[in-house]
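Visitor: Got a predicted model here, sequence first, then my questions.
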Amino acid sequence: MKTPAASAKLVVLISGRGSNLRSLVAAAADGRLDCGIAGVVSNRPDASGLAWAAGQGIATRLVDHRAYAERAAFDQALANAVQDLADAVQDVAHAPSEARPAAATPWVVLAGFMRILGESFVSRYSGRIVNIHPSLLPLYPGLHTHRQALDDGALLHGATVHLVTAALDRGPILAQAIVPVLRGDTESALADRVLTMEHRLYPLAMQWLAAGRISLDGGCALLDGSDAADRRVLLHSMLAEPSATAGLAG
Ligand code: GRF
């Protein structure tokens, strides 16, 4: 499956502070990410990232999960909010769905969104939902990843950007960033080191998607259709920015 290119729009889903959201907005503003940010949706009214986005003039929506007794109803409200934001930018809300350009389907970008998405939402946006997870998947799906890395005595830890499927933290991996685990690390020191890399990794991976450089082959995501070692992207915190990403940006 080749992902469509051109005039990509992102709708970013958050539940908290939104530092990854900020990194995506910054990358879109300085040209590293050739996408528009159509809007931000939060499931929590107190998410500080939501207030930040509104302050930047970005369209925001609140879909408070506590207002929905059933997961299906929450999923539907979430899908409506996402599509409203995307349509507002594309200005095609009035057009029948079959007449909408492919670009009207947004990339749904999970950035610290702490609700599990239901099957109906995942299938509606199949292949277009992306997540960042603070571990080197398939290690440590779920919560408390930094604590688990420390408890295991891991020497390396990191973050993963992957496509979202119905299985939690299990979709095709697009890119990973690696950090060392240092003696004496606390959970929060390690989380900070990983987060710094997340802010480099997410805009880069989103740019590949938006530019149509990612394809899927048997459940495996390929960059530029190749499984060559230099297309298997790992950002390492000890590598300088240019050499770590040489030839991979854009
Ligand atoms: C990040 O560590 C991300 O990997 C995880 O949730 C955290 C969100 O942080 N999914 P922020 O809200 O983007 O600052």
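Guide: Looks like it arrived, so ask away.

Visitor: would Gln84 count as being in a strand?
Guide: For the record, residue 84 is Asp, not Gln. No: Asp84: not assigned to a strand; according to DSSP: H, G, I helix; E, B strand; the rest coil it is helix.

Visitor: Report how many residues lie close to it.
Guide: Residues near Asp84, counting by other C-beta atoms under 10 Å, number 16. C-beta: built from backbone N, CA, C; applies to glycine.

Visitor: Around the ligand, pick out the residues from the chain.
Guide: Counting by C-beta under 6 Å from any ligand atom, the residues of the chain close to the ligand are 14, 16-20, 49, 111-112, 132-134, 159, 195, 198.

Visitor: Look at stretch 148-168 and report the distance between its end residues.
Guide: The straight-line separation of the ends of stretch 148-168 (C-alpha to C-alpha, to the nearest Å) is 17 Å.

Visitor: longest helix of this structure?
Guide: Selection of the longest helix in the chain by residue count, based on DSSP state H, yields helix 187-210.

Visitor: So which bits of that one are buried?
Guide: For helix 187-210, a neighbour-count test (16 or more other C-beta atoms under 10 Å) marks 190-191, 193-210 as buried.

Visitor: Excluding chain neighbours, what is closest to whatever residue of the chain ends up closest to the ligand?
Guide: Closest approach between the chain and the ligand, counting by C-beta to the nearest ligand atom: Gly112, at 2.6 Å. Nearest non-adjacent residue to Gly112, counting by C-beta to C-beta, 6 or more residues apart in numbering: Gly16, 5.0 Å away.

Visitor: ok, back up a step: following the chain onward from the longest helix of the chain, which element is next?
Guide: strand 214-217 (DSSP states H and E).

Visitor: by contact count, what packs against that next one?
Guide: strand 220-223 (3 or more C-beta pairs under 8 Å, 6 or more residues apart in numbering; DSSP states H and E).
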